[in-house]
Structures are given as C-alpha cells and as structure tokens.
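Colleague: Take a look and give me a structure for this.
(one chain, ligands or ions: 1)
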Amino acid sequence: MIIKNVIKTIDEVAITNANAIAYDELTRTHTYTQLKSHSDNLAAYIEKLEIEAITPIMIYGGQQYEMIASFLGSVKSGHAYIPVDVNSADERLTDIIEIGQPGLVIAVDELPISITQVPVINQEKLEEIFNQDVHFDLTNPVKDDENFYIIFTSGTTGKPKGVQISHNNLISFSEWMLSDDFNWENGSNVLSQPPYSFDLSVMDWVPTLLSQGTLKALPKNVADDFKSLFKTLPEMDLNKWVSTPSFADVALLDPEFNQETHPGLNAFLFCGEVLTTTTAQKLLERFPKAKIFNTYGPTEATVAVTGIQITQDVIDQNDKMPIGYVKSDTEIIIQDPDGMALTDGEAGEIVIAGPSVSKGYLNNPEKTAAAFITVNGLQAYKTGDLASRDANGLLHYKGRSDFQIKLHGFRIELEEVAQQLQQSQWVEQAVAVPRYDADGKVKQLLAIIVAKENNFEKPILLTNAIKQDLENIMMPYMMPSRFIYRDSMPLTPNGKINLKGLIAEVNGNA
Ligand code: AMP
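Modeller: Sure, this is the predicted structure:
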C-alpha cells in the first residue's frame, strides 16, 4: 500500500467506511465518522487558539478513544502531539512540559498536577469541542519533515529525551507495516494494549486506522488484573496481537489462551524486548493458525526497522530468536567502537540509517549530536544495541552495550533509577542492577543501597520508608522489586562504583 499522507488516508477511510467501528474499548465504541468529525472539530478549535506554529500539544490519558481523536485533531491543526500516559510520575509531567514546551495541554484524564503556564483543555471541555457544529477544512496539517509526534524516553541524566518523529518517518514505518512482509488484512480487529506514550502503540493504532480496522483497546485496569484479563481477551474477537513478549507471557499464564478461544487470531507482532524461544514455541503450539513476528527497533527509528516471521524452522535453527531482516528502505551498519563497519558474523553496534530515523531529540542538541550521525547521506542513529549479521542478512541480537535495560517492555536506565533512589532521605548511596534469567532476559530489578543511619528494626521497614519517600518521584515500573543493604559500595580502580561487578555478583558470576 502506498500512503502519501497518514491524515488524509484515515479521513478517506472515514468517508468510505463511515459506519465501521474505529475504536472499541469494551464498553464504548466509536465509528470512523465520529473519529473524523471529532478530530476535525478539535483541529478547528486549536486553529482558532493561534498557538505558535510548530509548538507541540501534550495529550494526557490512558487507553481511551479521546486520546486517538486528540492525536488526530492535533496533527490536523499542524501541531505534533506528545502522548503522556496517565500512570506517569508527577515529576515526569513537569520535565516533559519544561523540555517539550507545549503550547497546549489536552487532559483526557484528570491531571495530577496543576498546570498554569499552558492552557489546558479538560475532559468536559474536550467533549464540548468534539460535539460542536463547525466547518473545518484541512489546510495546514502536519506534513513532510514536520513532527507528527514526540515520544519521551528516559535519559541517562535523569531527564527524559523527546524523540521527534516526522510525518515522513511515520510514512516509512506505516508502508512497511502494510507491505507484504506482514500480510495485514484490511478491516482487522487489532489489540491496542501498550500505553500511547510507548511507541509500540504506533504499531497497533496507525496501521489499523490506515486499513479500515478496529482498535480493540485493553484498559490498564483490565490488563493488570489476571482474572478480568483472562475473561476479557476471548471476548475481544482479535485478529492481530501487538504487544511486548512480556505481555504475551502474562496471557499465556491462562491455559485457555489458545486458538480455540481466539479463532480469528492470525498474527502476533512483537517488539520492544527480547522474544524468548520459550514464548515463541508456546505460541506456535497454541495458535497453529497465527503467524508470529519478531520486530526490532528503537523509538528513534520509528518503532521498528527489522522483522522476521518466527516459524518452527527458525526456532530449530537458532539458539536465540533472531530480530530479522532490515526493511527495504533502510540500511543497518554493524560497527565497532571506533565507528568502523564490521563484516558478516562479527558483533558490533547497530547503526540504523534511513527515512524512518528521527531528526533528533527535541530541544536537546547535545544528546542529538551524541547519538545521530549521517551515513551515505542518510540520517542515522547509533542504537547502543549489539548484533551480528549472518550471510543471509539475518540480524542476531546480542544485548545492549550500555546499562539500559528492558523490564516488562519498559526501557529503564539503571543510572536513572539509582539517581531517583538517592532522593530518599534514608539513602546514602544507591545503584540499580538487573537480574537475568537463563534466556538473558531481565527478570528483576534490584536496588543495592548504603543506607543512612536509622532506627528501623527490620530491613523491610526501611524499604517501606524508602518506597514511601519515592512515591511521587519514581514511575512504578522503575521501582526495584528487591532491596539489598550493604555497608559500602564496591569500587573500580578509578574510584567509581563497580556496577558491572555488582551485576555479576547478583547474577552469581562474580
Ligand atoms: P524503545 O525505544 O523503548 O522501544 O526501546 C528500544 C530498545 O528495546 C532497543 O534499543 C533494544 O534494546 C530493545 N529491543 C527492541 N526490540 C527488540 C527485540 N525484538 N529484541 C531485543 N531487544 C529489543
């Protein structure tokens, strides 16, 4: 499928499939006609506000229809959106406002902090705007190299980085998703589970709306509760499943999660972290009619740039699941630490060059210059991921070269967790270390702490006090699940905390 313009294509779907359901969130549904009219009305309203050209709009909420309608309203009015999940810590919101400098905030859910420096559209007002009767012409939508969305990831300094994804970047990704590589049929029912602030969500909502499909939203409260999750999933009538492998592992805990209870499920699309052989094998056995795809990519290159269908042959021929072949419009260079290209079979850093690579981090030239380069005239990103390429062009992932980890699909920088732990009044020094399972996947995040003098009778009471201090500072997914107390931190010869040594110690390799 050739897509010239994401916004216009979704509008055309709304004209030809007026009454088809675009968004289904268990208790409410919205048609394509509603989606078009609500986003048009919002765009008309935003245009009247005359906020400065190119300033982004922050959109805050969970897995609701109003999020997608607001994303479209925002880009229709010529402004990129910054999706921020309802489960974000307050400090993240303030950081994003400070760095992203949005000209408007749309609060689909109630904001946890008061925002006075930027105009805010609350839920009630949004409903009123959606339903107003105005005329709108699409005269100034986001186009070409202009930002379509900005997704914030975590940065090593503790400040998040805003990855700018342009309309051109998104076109490159969307055309690939709807190419023969994935057999994405028109009108598919697609799971929409990853939060919209995580770019994996772009893999579900954008191709679905471009191809007359229905987004089947799974709200977080349902996803987090096994009982209601297991009951709800079979009722969703899914054709495509998009998630991290960790979320499929949760679904697999239910022995009834299989082709019989999901007769229409024909594809699993994974991205964001290692897909283990165990998960792939279980899915192949339970879903004989479904294709399983492993895809790989960082937010900085628009969701994913490599992919492969995992068949029994692939499992039999590989110890670990390969991350696939690079998409046709993109080049991958495997390079050594000096930036020299390596040959087939040699492991080095993945550098991605092509039309889906971001122009860089918003308002952060320093971090942009450190990670983005040009290769053969193409915009390129140094991923910090290690891989080798075999003679057939297949890429094999070898982990990260730095201390950034993936836990349950979330990207976590160990230094950032440590820095936040140190904000507790009871903490003298802290580091965070991952514990890996036999497949090399992060299984647990541990905190190693040198505590300040205190009178707690038991370590658990100290841990509770630290957690309480950090309640409004730390995102829940970043909170370590075990706390280990020491009298001092081990140091390297240079006098730095020996993080590698600690990782080896907790993993039994010291
Ligand atoms: P994010 O930008 O949050 O999507 O995180 C991107 C990072 O997730 C990559 O740089 C990889 O380290 C990791 N990642 C993404 N996809 C895969 C995959 N299929 N296998 C292993 N790691 C992956």
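
Colleague: so where's the stretch 51-200 of the chain uncertain?
Modeller: Applying pLDDT under 70 to the stretch 51-200 of the chain flags residues 154-158.

Colleague: go on, the chain?
Modeller: Those would be 154-158, 492-496, 510, if you go by pLDDT under 70 across the chain.

Colleague: So which residues on it come close to the ligand?
Modeller: Applying CB under 6 Å from any ligand atom, one finds that the chain approaches the ligand through 153, 199, 271-275, 294, 296, 298-299, 323, 383, 385, 397, 400, 406, 411. Placement of C-beta: from N, CA and C, glycine included.

Colleague: Please convert the buried members of these into ChimeraX selection syntax.
Modeller: Selection of buried members from those for ChimeraX, criterion 16 or more other CB atoms under 10 Å:
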select :153,199,271,272,273,274,275,294,296,298,299,323,383,385,397,406,411
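
Colleague: Just the ones of the residues of the chain next to the ligand in helices?
Modeller: Judged by DSSP state H, the subset of the residues of the chain next to the ligand located in helices is empty.

Colleague: closest point of the stretch 301-450 of the chain to the ligand, which residue?
Modeller: The ligand sits closest to residue 411 of the stretch 301-450 of the chain, with a gap of 3.8 Å, by CB to the nearest ligand atom.

Colleague: Would you check that that residue makes contact with residue 153?
Modeller: Yes. Checked against CB atoms under 8 Å, the pair residue 411 and residue 153 is within contact range at 5.9 Å.

Colleague: which residues does the residue nearest to residue 213 when sequence neighbours are not counted contact?
Modeller: In space, and not counting its chain neighbours, residue 213 is closest to residue 188: 4.4 Å by CB to CB, 6 or more residues apart in numbering. Neighbouring residues of residue 188 by CB atoms under 8 Å, 6 or more residues apart in numbering: 208, 211, 213, 214, 239, 240.

Colleague: Could you rerun that using 10 Å?
Modeller: Applying CB atoms under 10 Å, 6 or more residues apart in numbering to residue 188 gives the contacts 207-208, 211-216, 238-240, 264, 266-267.

Colleague: Remind me which helix or strand residue 352 belongs to.
Modeller: In the assignment (DSSP states H and E), residue 352 maps to strand 348-353.

Colleague: Could you give the separation of that strand from the chain centroid?
Modeller: 20 Å (CA atoms, centre = their mean, to the nearest Å).

Colleague: any idea which helix or strand comes after that strand?
Modeller: Reading on from strand 348-353 to the C-terminus, the next helix or strand found by DSSP H and E is helix 365-371.

Colleague: And that next one, what does it pack against?
Modeller: If you count contacts as 3 or more CB pairs under 10 Å, 6 or more residues apart in numbering; DSSP states H and E, helix 365-371 packs onto strand 161-166, strand 378-389.

Colleague: buried ones in whichever helix or strand comes after that helix?
Modeller: Using DSSP H and E, the next helix or strand after helix 365-371 towards the C-terminus is strand 372-375. Buried residues in strand 372-375, counted by 16+ other CB under 10 Å: 372, 375.

Colleague: Quick check: strands, which of the residues of the chain next to the ligand are part of them?
Modeller: 153, 294, 296, 383, 385, 397, 400, 406, 411 (DSSP state E).

Colleague: List every C-alpha atom in stretch 345-364, with coordinates, as CSV.
Modeller: The C-alpha trace of stretch 345-364 is given here as CSV (Å, rounded to 0.1, in the frame of the first residue of the first chain):
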residue,chain,number,x,y,z
GLY,A,345,29.3,-12.7,11.6
GLU,A,346,31.1,-10.0,13.7
ALA,A,347,29.2,-8.5,16.6
GLY,A,348,29.1,-4.7,17.0
GLU,A,349,26.8,-1.8,17.5
ILE,A,350,23.7,-1.5,15.3
VAL,A,351,23.5,1.8,13.4
ILE,A,352,20.3,2.4,11.6
ALA,A,353,20.2,4.7,8.5
GLY,A,354,17.1,5.6,6.5
PRO,A,355,13.9,7.5,6.2
SER,A,356,12.4,6.4,9.5
VAL,A,357,15.3,7.7,11.6
SER,A,358,14.3,10.7,13.7
LYS,A,359,15.8,14.2,13.2
GLY,A,360,16.9,14.0,16.9
TYR,A,361,15.8,14.9,20.4
LEU,A,362,13.6,18.0,20.9
ASN,A,363,15.4,21.0,22.3
ASN,A,364,18.5,18.9,23.1
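
Colleague: What sits closest to residue 10 if chain neighbours are left out?
Modeller: Nearest residue to residue 10 in three dimensions, chain neighbours excluded: residue 209, at 4.9 Å (CB to CB, 6+ apart).

Colleague: Looks like residue 269 contacts residue 308 (just checking).
Modeller: No. Assessed by CB atoms under 10 Å, residue 269 is found out of contact with residue 308, at 11.4 Å.

Colleague: okay, these two: which has more neighbours?
Modeller: Counted by other CB atoms under 10 Å, residue 269 and residue 308 do not tie: residue 269 has more neighbours, with 24 against 21.

Colleague: what are the bridge partners for that one, then?
Modeller: Counting by DSSP bridges, residue 269 is bridged to residue 242, residue 293.

Colleague: just checking, what packs against the top helix by length along the chain?
Modeller: Scanning the chain for the longest helix, with DSSP H as the assignment, gives helix 32-49. Helices and strands touching helix 32-49, by 3+ CB pairs under 10 Å, 6+ apart, are helix 6-16, strand 21-24, strand 57-61, helix 65-76, strand 104-107, strand 120-121, helix 123-130.
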